[in-house]
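K.L.:
model the following, please.
(one chain, ligands or ions: 2)
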Amino acid sequence: MQKLIEKANVLTEALPWIKRFYGKTIVIKYGGNAMVEERLKESFARDIILMRYIGLNPVVVHGGGPQIGQVLEAMGIETRFVQGMRVTDAATMGVVEMVLGGKVNKEIVANLNRHGGRAVGLTGKDGGLITARKLEMKQINPDTLTPEIIDIGMVGEVEQINPEIIEALEQNNFIPVIAPVGIGADGRSYNINADLVAGRIAGALRAEKLILLTDVDGIRGKDGKLISTIDHCRVAELIADGTLTGGMIPKANCCVEAVRAGVGKTHIIDGRMEHACLLEIFTDKGIGTAIADFENPRA
Ligand SMILES: Nc1ncnc2c1ncn2[C@@H]1O[C@H](COP(=O)(O)OP(=O)(O)O)[C@@H](O)[C@H]1O
Ligand SMILES: CC(=O)N[C@@H](CCC(=O)OP(=O)(O)O)C(=O)O
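P.N.:
Ligands and ions are numbered 1, 2, ... in the order given. Alright, predicted model coming up:
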């Protein structure tokens, strides 16, 4: 009996959040463990489909760094990263596009559809969704100690998002699943970090939320404790004092950019946890770390 009441409590706790987010767009960056472990793949698919059925508009942007790495290795192509970005020559770009736009994207689409969703896979080329330009990577020259621009190949940054194709899919109850490959004015493909794409898409859609699934439970402070909320103004400070390092820096920066572009709230949450997305959206406390403009919250 107690268990049944607890189940009912879960639903009543979710009700105000269901009302609040009805008809709203939620952009989810899907990657890491959640994309490989069978149990997590299933819980992710169920979460996204449930969101859609109760009237939210989920938009999935996926990564696939480890999957690209595996194929490059099997093909004997060496790969390396500079400041978290994969150095992408022409042969690597071919593999990136094949793995992200072909294999990974279609696996996610098939997984969502197998669980009863209506997912459609896109790369940034479809419907002119992501226009990209070459990323100008700056690095300090160790000899002269001055910044210089280094060439990391076909790595792109988002120039513009044209959300028309996403809106058309949403209106027809489809779930867009987007691979982070953009197209340049020169017609060439660009490899773009998936967090950056998710942030810009959330901004262009003025999404209610941007959720980044990762391999830690959120941002931890210097004392090792999870920080549940960070005002967007404080992120630069946390980078400067060394609290945020490595891959967390571009992730947190992309949250700040999204907030400044009008996204309601951004969240860095644990993709290793079953039903992480549902727990974040539909519980009072949420999970992980929220980065937002807490002084001037979006109405
Ligand atoms: N303050 C911090 N709190 C939590 N994780 C941090 C922090 N600073 C750096 N990190 C690192 O950031 C990593 C997440 O970034 P990244 O590896 O790029 O994730 P993903 O592969 O999910 O995109 C964590 O695994 C952790 O090692
Ligand atoms: C430029 C760059 O580094 N692009 C990434 C794109 C995929 C990605 O971002 O995947 P994750 O989210 O799984 O890391 C790459 O080639 O790995």
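
K.L.:
return the residues of the protein in contact with ligand 1.
P.N.:
Selection of the chain residues close to ligand 1 by C-beta under 6 Å from any ligand atom yields 31-32, 195, 214-216, 219-220, 243-248, 251. For every residue, glycine as well, the C-beta is placed using N, CA and C.

K.L.:
residues contacting whatever residue of the stretch 1-150 of the chain ends up closest to ligand 1?
P.N.:
Nearest residue of the stretch 1-150 of the chain to ligand 1: residue 32, at 4.3 Å (C-beta to the nearest ligand atom). By C-beta atoms under 8 Å, 6 or more residues apart in numbering, the contact set of residue 32 is 63, 66, 213-215, 271-272.

K.L.:
from those, which single one is nearest ligand 1?
P.N.:
Of all these, ligand 1 sits closest to residue 214, with 3.5 Å by C-beta to the nearest ligand atom.

K.L.:
how far away is the closest one from residue 287?
P.N.:
In this view, residue 214 and residue 287 are 12 Å apart by C-beta to C-beta, to the nearest Å.

K.L.:
which residues do the two both contact?
P.N.:
The overlap between the contact sets of residue 214 and residue 287 (C-beta under 8 Å, 6+ apart) consists of 269-270.

K.L.:
and the residue of the chain closest to ligand 2?
P.N.:
Going by C-beta to the nearest ligand atom, ligand 2 is nearest to residue 63 of the chain, at 2.2 Å.

K.L.:
can you tell me which residues contact residue 100?
P.N.:
Residue 100 sits in contact with 62, 64, 68, 123, 179-181, where contact means C-beta under 8 Å, 6+ apart.

K.L.:
are any of those buried, and if so which?
P.N.:
The neighbour count (16 or more other C-beta atoms under 10 Å) marks 62, 64, 68, 123, 179-181 as buried among the contacts of residue 100.

K.L.:
output the set of residues of the stretch 151-299 of the chain in proximity to ligand 2.
P.N.:
For the stretch 151-299 of the chain, the contact set with ligand 2 under C-beta under 6 Å from any ligand atom comprises 155, 180, 191-194.

K.L.:
keep only those of the residues you listed that are in strands.
P.N.:
Those of those mapping onto strands are residue 191, per DSSP state E.

K.L.:
ok, stretch 76-88 near ligand 2 or not?
P.N.:
Yes - Stretch 76-88 lies within reach of ligand 2 by C-beta under 6 Å from any ligand atom, at 85-86.

K.L.:
what segments of the stretch 51-200 of the chain are helices?
P.N.:
Using DSSP state H, counting those that start in this stretch, the helices of the stretch 51-200 of the chain run over 65-74, 90-97, 105-114, 164-171, 194-204.

K.L.:
before we move on, back to that, and the contacts of residue 100, which two are the farthest apart?
P.N.:
Pairwise distances across those (C-beta to C-beta) peak at 13.9 Å, for the pair 68 and 123.

K.L.:
in TSV: the contacts of residue 100, plus distance to residue 18 and pLDDT.
P.N.:
Putting the contacts of residue 100 into TSV (distance: C-beta to C-beta, whole Å; pLDDT from 0 to 100) gives the following:
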residue	distance to residue 18	pLDDT
62	25	97
64	31	95
68	37	96
123	32	98
179	30	98
180	30	98
181	34	98
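
K.L.:
okay, now whatever residue of the chain ends up closest to ligand 1: neighbour count?
P.N.:
Residue of the chain nearest ligand 1, by C-beta to the nearest ligand atom: residue 247 (1.9 Å). Residues within reach of residue 247, counting by other C-beta atoms under 10 Å, total 16.

K.L.:
how about the one 10 residues further on?
P.N.:
Other residues near residue 257 number 18, with proximity taken as other C-beta under 10 Å.

K.L.:
likewise for residue 7?
P.N.:
By other C-beta under 10 Å, neighbour count at residue 7 equals 9.

K.L.:
confidence score at it?
P.N.:
On pLDDT, residue 7 comes in at 78.

K.L.:
likewise the one 10 residues further on?
P.N.:
In this prediction, residue 17 carries a pLDDT score of 91.

K.L.:
how close does it get to residue 263?
P.N.:
17 Å.

K.L.:
likewise for residue 59?
P.N.:
12 Å.

K.L.:
with residue 84 instead?
P.N.:
According to C-beta to C-beta, residue 84 stands 22 Å off from residue 263.

K.L.:
which one of these two has more residues nearby?
P.N.:
Neighbour count, other C-beta under 10 Å: between residue 84 and residue 263, residue 263 has more, with 27 against 14.

K.L.:
okay, now the closest residue to the more buried one other than its chain neighbours: neighbour count?
P.N.:
Excluding its sequence neighbours, the residue lying closest to residue 263 (C-beta to C-beta, 6 or more residues apart in numbering) is residue 202, at 4.8 Å. By other C-beta under 10 Å, the residues close to residue 202 number 33.
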